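*Asks:* sequence and computational prediction follow.
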Amino acid sequence: MGFTKRTIMLLCFIMAANSVELSTAAVYEVGDSKGWIVGNVDYNDWASSKNFQVNDILKFNYNNKYHNVMQVSSQEYYSCTVASPIATLNTGKDSFTLSAPGDYYYLCGVPGHCQIGQKVHIQVSGSQAKNVQGNAYLSKASVVSSHSFLWFSIVGMLGICFF
Ligand SMILES: [Cu+2]
């Protein structure tokens, strides 16, 4: 029965690490302080300096008299012609949660704006591993984790660590 104190401590560590990384979802304001504007920001340049992870949040801040945000397919993104957007938001303060790994495409649906660069391609990498150095096992474990898993982790951690 190898369930020694050492094993329990390891489990505590793994659960703690999971909880920590799950709670580090970052919020990115698209274009930083410039926000979501036309013609003055290279949004893909902006995105290229970021390391987007699952559960991170994208915020679009803009004047909704002049702009909106559409989440679109890659084809619509590259052609700047939108037939059926995945989502259209126009409050001026819109957020998207990057809920899964993959590619996300956004543009402004006001005619002409996409063509002159009001568009951004976000790539979300395949794992949530953040603040966990070089541990592939933990990265894998966290891919399958969800919000409910966070609570499971916390409850489990408390249960095991403070019995
Ligand atoms: Cu616009």
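*Replies:* The structure has been received and is ready for your questions. The model shown is predicted, which means the values in this text are computed figures rather than measured ones. Numbers count the residues shown, from 1 in each chain.
*Asks:* Cys114 - nearest residue in space that isn't next to it in sequence?
*Replies:* Distances taken as CB to CB, 6 or more residues apart in numbering place Cys80 nearest to Cys114, at 3.8 Å, with adjacent residues excluded. Yep, even glycine has a C-beta here, placed from its N, CA and C like the rest.
*Asks:* which residue ranges of the chain form helices?
*Replies:* Secondary structure of the chain by DSSP state H: the helices cover 5-22, 43-48, 74-79, 136-143, 147-161.
*Asks:* which stretch in those has the least confidence?
*Replies:* Mean pLDDT is lowest for helix 136-143 out of the helices of the chain, coming in at a mean of 39.
*Asks:* ok, back up a step: so the residue nearest to Cys114 is in contact with Leu107, correct?
*Replies:* Yes. In terms of CB atoms under 8 Å, Cys80 counts as a neighbour of Leu107; the distance is 6.7 Å.
*Asks:* what residues are shared contacts of these two?
*Replies:* Taking CB atoms under 8 Å, 6 or more residues apart in numbering as the contact rule, Cys80 and Leu107 both touch 114, 119.
*Asks:* count of residues packed around the residue nearest to Cys114?
*Replies:* Using other CB atoms under 10 Å, Cys80 has 18 other residues around it.
*Asks:* up against the ion, what does the chain have?
*Replies:* Selection of the chain residues close to the ion by CB under 5 Å from the ion yields 38, 67, 108, 110, 113, 118.
*Asks:* give the contact list for the fifth one.
*Replies:* Taking CB under 8 Å, 6+ apart, we find His113 in contact with 38, 67, 107.
*Asks:* and the gap between it and Leu107?
*Replies:* As defined by CB to CB, to the nearest Å, His113 lies at a distance of 8 Å from Leu107.
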